[in-house]
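> Turn this into a model:
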Amino acid sequence: MKKYISLFLVISIIVGCFCGCTSQNDDSDASTTTEATTAKITDNTTFKLSYTQSDSLDPFEAETQNNQILASLVFESLFDLDESFEPVLNIATSYSFIDSTTLQVNINPQLTFSDGSALGTDDVVYSAKAAMDSPAYGNSLDCISSVYADGNSVIFTLEYANPNAVNLLTFPIASTDDVDGFPIGNGRYRYAQSDGKTLLKANVSDSFDPYITTINLVNIAAADSIDNAVNIGNISFAFRDLSSSVSKRMSCAKKTVTMNNLVFLGINSSSGITANAQIRKAISLAVDRDTLVESAYSGYADAATSLFHPSYELSENAELFSSTADVATAKQAVSQSGIEEEKLELTILVNNNDNRTAAANLIKTQLESVGFTVTIKKEKYKKYKTDIKNLNFDLYIGEIKLSDDMCLYPFFSDDGNVRYGIDTDEFTCDDLYSDYLSGDVELGKFILSFNEEMPYIPLLYKRGMICYSKAMKGDMQGYYGNFFSNIESWNFTS
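Below is the predicted model:
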């Protein structure tokens with residue numbers, strides 16, 4: 001019996017030691033596995049963007065879309081806009097209107113640039129003035145007459161009452177100094193140089209810890225070359241504004257983004273049958289905007305059912321146009337015009353742009369269905385612009401990038417880029433628009449006046465496209481004006 005007890009004790013001790021060793025090994029393996037799983041794999045070689053080497057990297061001097069897009073990684077702005085064109089605080093901490101033409105913006109006095117220097121109101125004033133004179137931001141900032149610092153605030157004086165002026169304060173905030181010849185911002189990345197090559201290095205912090213720590217820049221200036229480069233993976237990402245039939249030749253991963261680029265029918269309201277308001281209404285009613293979106297723009301657009309972008313909150317209360325044609329009502333408007341049937345002749349002027357030419361052909365068919373005889377006049381861009389300025393048209397298909405405050409003065413002011421053919425001496429809607437901005441009349445009164453006079457006809461808002469490598473992982477959430485909104489989550493891990 002003693003032998004059995006001794007043997008049992010020996011076996012128990014051996015088993016206990018074995019189990020203890022096994023347990024210890026399991027804990028060690030688990031710790032190693034956990035560490036390997038949570039370790040972040042950074043990437044400083046794979047992600048590549050195109051840039052134009054011959055163009056400036058200074059955001060206020062850059063003329064190419066290539067380099068202007070890079071600026072959004074290096075510089076922050078007073079405000080960002082979300083996908084509904086609503087302002088979101090960024091460098092600014094708050095804002096208020098002192099009166100209808102004075103906007104006060106407060107900033108965080110604790111901010112610094114990527115080189116560690118303080119970011120103050122003087123830098124904001126410098127950046128605002130530089131932006132007002134820049135090719136990228138100058139046109140949209142025309143409504144700002146002056147800017148100055150007041151303590152931790154910056155005061156913007158406006159040329160006219162503009163309740164949406166804060167939407168314009170999305171220009172980059174840059175330091176008045178530079179580092180090694182590169183402009184300085186306080187964005188997520190900074191310009192740097194390595195082995196004679198220009199690149200972007202991440203400003204890693206507790207709030208920004210990306211997988212992509214280095215962005216390599218590839219000198220590609222030509223639009224067609226950029227399309228090919230992203231298709232074959234020589235660059236990882238590009239924004240395309242679809243100014244030509246880009247969508248048809250892109251085989252990479254894609255995401256559409258809203259833009260405030262309005263395609264419209266300009267109307268000669270000073271002469272011909274288009275001087276008749278009922279004819280102008282009939283033209284608008286006859287147009288099938290959904291067909292233009294799907295056929296002429298391959299779905300890369302949004303039908304213009306109001307005077308503002310459909311994503312903008314004001315458009316909900318300002319719907320004016322149907323997205324489909326109303327042939328019966330259009331014919332009724334033609335009848336009410338009093339124009340004889342044999343005089344219902346129109347010419348549509350268009351330049352040699354694939355999308356607009358396709359739209360012109362569709363509009364021709366749509367107008368002919370309500371009794372018009374339509375001729376399309378296609379011209380090279382220089383002649384097209386000259387004909388518009390000389391009012392040598394009945395209708396023309398135009399496009400304008402409206403500023404983010406949704407300002408319509410390009411149509412209504414004496415020096416507006418697309419004022420041609422709009423008889424502001426006869427119309428009242430232009431004056432009512434100014435009254436609306438000043439707060440003297442409700443928006444609805446201006447909308448009703450526009451509908452009666454129909455000075456121009458909104459057709460659609462173009463969409464753009466974010467194109468990126470199929471090898472890239474992460475939920476792509478970029479949008480126009482903030483293309484790299486969640487770049488910290490992008491990676492190339494398998």
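> wait, isn't residue 264 in contact with residue 454?
No. Applying C-beta atoms under 8 Å as the test, residue 264 and residue 454 come out as separate, 11.4 Å apart. The C-beta positions use only the backbone N, C-alpha and C, and glycine is treated the same way.
> The two: who's more crowded?
Neighbours per residue, other C-beta atoms under 10 Å: of residue 264 and residue 454, the larger number sits with residue 454, 23 against 19.
> okay, and for the stretch 1-150 of the chain, where does confidence drop off?
Within the stretch 1-150 of the chain, the ranges that satisfy pLDDT under 70 run 1-39.
> the helices in it, which residues?
Applying DSSP state H, counting those that start in this stretch to the stretch 1-150 of the chain gives helices spanning 2-38, 65-74, 121-132.
> burial of residue 333, as a residue count?
Number of residues near residue 333 (other C-beta under 10 Å) recorded here: 22.
> for the closest residue to it other than its chain neighbours, helix, strand, or coil?
Distance criterion C-beta to C-beta, 6 or more residues apart in numbering; nearest residue to residue 333, sequence neighbours excluded, is residue 282 at 3.8 Å. Local secondary structure at residue 282 is given as helix here, using DSSP: H, G, I helix; E, B strand; the rest coil.
> Please verify my assumption that residue 282 contacts residue 330.
Yes. Between residue 282 and residue 330 there is a contact at 4.7 Å, judged by C-beta under 8 Å.
> Looking at the two, which has the bigger crowd around it?
The residue with more neighbours, out of residue 282 and residue 330, is residue 282; 29 against 23, by other C-beta under 10 Å.
> The residue nearest to residue 333: what's it in contact with?
Residues in contact with residue 282 (C-beta atoms under 8 Å, 6 or more residues apart in numbering) are 330-331, 333-334, 337, 370.
> before we move on, what about residue 97?
Contacts of residue 97 by C-beta under 8 Å, 6+ apart are 103-104, 163.
> redo that, cut-off 7 Å
By C-beta atoms under 7 Å, 6 or more residues apart in numbering, the contact list for residue 97 reads residue 103.
> Could you do the one 4 residues further on as well?
Residue 101 sits next to 157-158, 160-161 when contact means C-beta under 7 Å, 6+ apart.
> What number of neighbouring residues does residue 365 come out with?
12.
> follow-up on the earlier one: so which of the contacts of residue 101 are in strands?
With strands taken from DSSP state E, the overlap with these comprises 157-158.
> which two of the contacts of residue 101 lie the greatest distance from each other?
157 and 161 (11.8 Å; C-beta to C-beta).
> The two: who's more crowded?
Remark: of residue 157 and residue 161, residue 161 carries more neighbours, 18 against 15, as counted by other C-beta under 10 Å.
> Residue 117: what's its closest spatial neighbour, skipping adjacent residues?
residue 175 (6.3 Å).
> So, low pLDDT: which residues of the stretch 201-350 of the chain?
Counting by pLDDT under 70, the stretch 201-350 of the chain has low-confidence residues at 244-248.
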